[in-house]
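Asks: Provided below are the primary sequence and the corresponding predicted coordinates.
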Amino acid sequence: MRKLFVLLLALMMMTAFAAPAFAVERIIVLNNAHSDLALSSNRYNAYWLNAWSIAQVVEDNFWFDVAPDTLVSVVAYSDYYTDESNTFEALKNKHISLKFNDEYDVICGPNQSMNAAVQYMGYIIAGPEALLFMQEDGWKMDELFEDVGMAKADRYVFHAADDYTHVVDADKLGESSIEFVDGRIDGVLPGLGKYTLYNVRYIYVEGADQEGFEPLEGVNKITVFENAEGVYGEEAPEVTNFGGVLYDSFAVKDLLDKFEIPVEGEVTAISFADGSTKTESVELFAQKFMTMTSSKGTHPFTLGQIQPRNDVLQKVGYYVLAKDAFFFLPEPTEGVDVANVPFTEIFEKAGMVEAAEYKLTATDGFSWTVSADELDECFVGWVDGRPDAIIPGLGGQSMYYILSIEAVTD
């Protein structure tokens with residue numbers, strides 16, 4: 001019984017530490033495999049946020065005309081930092097997301113620099129209109145009106161999302177506020193007793209909702225963004241970026257389709273720098289984009305909305321799938337040469353099956369076969385700026401732009 005137990009334990013250990021089964025039948029040289037694929041601009045390491053189009057919010061909520069070239073003020077409630085770099089037209093081409101990192105509201109989208117975005121945004125002033133964002137302690141009306149430059153009037157209307165309204169005299173603004181109450185943004189206003197005005201949507205000069213009203217000097221109407229028409233009670237309808245670097249890139253799915261690789265199983269990326277690996281489903285891999293050139297050198301990496309932020313394997317030398325693998329030959333940089341990579345090393349890392357012969361194919365369709373006995377003399381390397389196959393039998397010439405190496409299994 002003891003011998004049987006020892007034997008079973010030994011078998012289990014052999015299984016646990018056994019080398020992975022070699023199953024790859026074709027290796028594709030990625031350097032030479034993508035030049036004919038369509039490129040598009042995609043973002044690397046962006047935050048992807050649920051957001052509202054400012055243009056749509058304006059259309060649904062603004063009552064007054066704002067000239068396209070009107071300079072807009074975006075003001076932080078924390079320190080009154082003010083960004084006045086946007087015209088109204090430019091602002092409408094951006095988006096707003098609430099509670100970025102569960103902390104503050106931000107202007108975002110492809111037209112907004114992340115580094116230039118106002119943090120702890122309190123309000124946006126665009127001519128006679130303003131958008132208001134909540135701070136933790138709410139807003140006291142007399143202070144807010146002074147901050148935004150509210151038009152002078154005898155009375156102001158607080159208008160709820162359900163269209164209920166309540167009027168406050170100008171001399172009562174010091175007793176008025178909007179605050180978080182039971183998860184709502186309510187008006188705490190004189191004349192309501194122990195009650196609050198639920199979900200304040202607009203605050204405006206009395207009469208501003210009447211046809212023919214001519215705006216007074218200053219802000220005539222404030223829209224509480226979270227309670228705005230099209231925002232209150234609705235999920236953000238769009239997903240857009242906050243930050244991220246744009247790269248020309250091709251769809252991974254197009255690369256797989258080109259070589260008729262099925263979208264199934266797993267893919268393992270292996271770094272040529274330190275051998276680190278990352279494995280994911282081919283289904284997820286196929287939804288990403290890939291670029292060859294980063295700001296820090298030339299190497300493949302994945303990007304796009306599907307790619308998780310700060311979770312990219314850098315300097316990938318191999319993408320290994322079930323029966324196919326992509327190999328990337330690192331490009332030489334100024335003062336740094338790249339050594340030729342032996343077929344034997346590529347085969348080992350990619351998990352190439354053993355065969356008597358291997359068929360090499362170039363991008364122009366030229367092919368050549370090498371035997372297993374010749375593998376020690378075969379390399380992929382840079383020749384006159386090309387990723388070539390350096391192999392015996394070509395009279396001292398290399399195979400230009402090698403595209404694939406395929407095991408001859410028949």
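Replies: Thanks, I have the structure now. Residues are numbered from 1 along each chain as shown.
Asks: Could you look up the SS state of residue 283?
Replies: On the three-state scheme (DSSP: H, G, I helix; E, B strand; the rest coil), residue 283 is labelled helix.
Asks: What pLDDT is listed against it?
Replies: Per-residue pLDDT puts residue 283 at 98.
Asks: how near is residue 381 to residue 390?
Replies: Distance check for residue 381 against residue 390: by CB to CB, to the nearest Å, it reads 5 Å. Just so you know, the C-beta spots here come from the backbone N, C-alpha and C atoms, and that holds for glycine as well.
Asks: what's the overlap in contacts for those two?
Replies: In terms of CB atoms under 8 Å, 6 or more residues apart in numbering, residue 381 and residue 390 are both contacted by the residues 340, 398.
Asks: Looking at the two now, which is surrounded by more residues?
Replies: Looking at residue 381 and residue 390 with other CB atoms under 10 Å, you find the greater number of neighbours at residue 390, namely 21 against 18.
Asks: name the element residue 326 belongs to?
Replies: Here residue 326 sits within strand 324-327, counting by DSSP states H and E.
Asks: for that strand, packing partners?
Replies: Counting contacts by 3 or more CB pairs under 8 Å, 6 or more residues apart in numbering; DSSP states H and E, the secondary-structure elements packed against strand 324-327 are strand 26-29, strand 316-320, helix 343-350.
Asks: Only the buried residues of the last one, if you could.
Replies: Translated: helix 343-350. Of the residues in helix 343-350, those with enough neighbours to count as buried (16 or more other CB atoms under 10 Å) are 343, 346, 347, 349, 350.
Asks: what bits of the stretch 1-150 of the chain have low per-residue confidence?
Replies: Low-confidence segments of the stretch 1-150 of the chain, defined by pLDDT under 70, are located at 1-22.
Asks: what about the strands in it?
Replies: Secondary structure of the stretch 1-150 of the chain by DSSP state E, counting those that start in this stretch: the strands cover 26-29, 39-44, 47-53, 71-76, 82-87, 95-100, 104-108, 121-126, 129-132, 139-140.
Asks: Looking at those, which is nearest to residue 311?
Replies: With respect to residue 311, and counting by CB to CB, the nearest of the strands of the stretch 1-150 of the chain is strand 39-44 at 11.4 Å.
Asks: What strands line up against that closest one, and which way round?
Replies: Within its sheet, and counting by DSSP bridges, strand 39-44 is paired with strand 245-251 (antiparallel).
Asks: Distance from the partner strand to the middle of the chain?
Replies: 11 Å (CA atoms, centre = their mean, to the nearest Å).
Asks: average model confidence for it?
Replies: Averaging pLDDT residue by residue across strand 245-251 gives 95.
Asks: same thing with stretch 181-188?
Replies: 97.
Asks: contacts for that stretch?
Replies: Residues lying outside stretch 181-188 but in contact with it, judged by CB under 8 Å, 6+ apart, are 134, 138, 158, 160, 166, 176-180, 196-200, 224, 226-227.
Asks: Please spell out the ChimeraX selection for the buried subset of those residues.
Replies: The buried residues among these can be selected in ChimeraX (16+ other CB under 10 Å) with this line:
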select :134,138,158,160,166,176,177,178,179,196,197,198,199,200,224,226,227
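Asks: Now for the closest residue in space to residue 272 that isn't next to it in sequence: which residues touch it?
Replies: Using CB to CB, 6 or more residues apart in numbering and skipping residues adjacent in sequence, the residue nearest residue 272 is residue 317, 2.9 Å away. For residue 317, the residues meeting the contact criterion (CB under 8 Å, 6+ apart) are 270, 271, 272, 273, 327, 328, 330, 349.
Asks: from the middle of its chain, how far away would stretch 276-289 be?
Replies: Averaging C-alpha positions (CA atoms, centre = their mean) puts stretch 276-289 16 Å from its chain's average.
Asks: Now do the buried residues in that stretch.
Replies: For stretch 276-289, the buried set under the neighbour-count rule, 16+ other CB under 10 Å, comprises 280, 282, 284, 285, 286, 287, 288, 289.
Asks: ditto for stretch 98-109
Replies: By neighbour count on 16+ other CB under 10 Å, the buried set for stretch 98-109 is 98, 100, 104, 105, 106, 107, 108, 109.
Asks: According to the record, where do the domains of the protein fall?
Replies: Here the domain parsing of the chain from automatic domain parsing is 12-44+245-408, 47-240.
Asks: Would you state the helices of this protein in chain order?
Replies: In the chain, helices defined by DSSP state H lie at 2-16, 54-61, 88-92, 141-148, 252-258, 282-285, 343-350, listed in chain order.
Asks: Including distance to residue 300, could these go into TSV?
Replies: As requested, those are exported to TSV (distance: least, CB to CB, whole Å):
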stretch	distance to residue 300
helix 2-16	32
helix 54-61	36
helix 88-92	35
helix 141-148	50
helix 252-258	10
helix 282-285	12
helix 343-350	15
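Asks: Distance from stretch 374-389 to the middle of the chain?
Replies: In terms of CA atoms, centre = their mean, the gap separating the centre of stretch 374-389 from the centre of its chain is 37 Å.
Asks: residues of stretch 389-397 that come out buried?
Replies: Neighbour-count burial for stretch 389-397 flags 389, 390, 391 (criterion: 16+ other CB under 10 Å).
Asks: What of stretch 226-233?
Replies: By neighbour count, and taking 16+ other CB under 10 Å as the criterion, the buried residues in stretch 226-233 are 226, 227, 228, 231, 232.
Asks: With stretch 376-387 instead?
Replies: For stretch 376-387, a neighbour-count test (16+ other CB under 10 Å) marks 378, 379, 380, 381, 382, 383, 387 as buried.
Asks: now the end-to-end length of it.
Replies: In terms of CA to CA, to the nearest Å, the two terminal residues of stretch 376-387 are separated by 18 Å.
Asks: Touching that stretch from outside, list them.
Replies: Residues contacting stretch 376-387 (CB under 8 Å, 6+ apart): 29, 31-32, 327, 329, 331-332, 338-344, 346, 370, 388-392, 398, 400-402.
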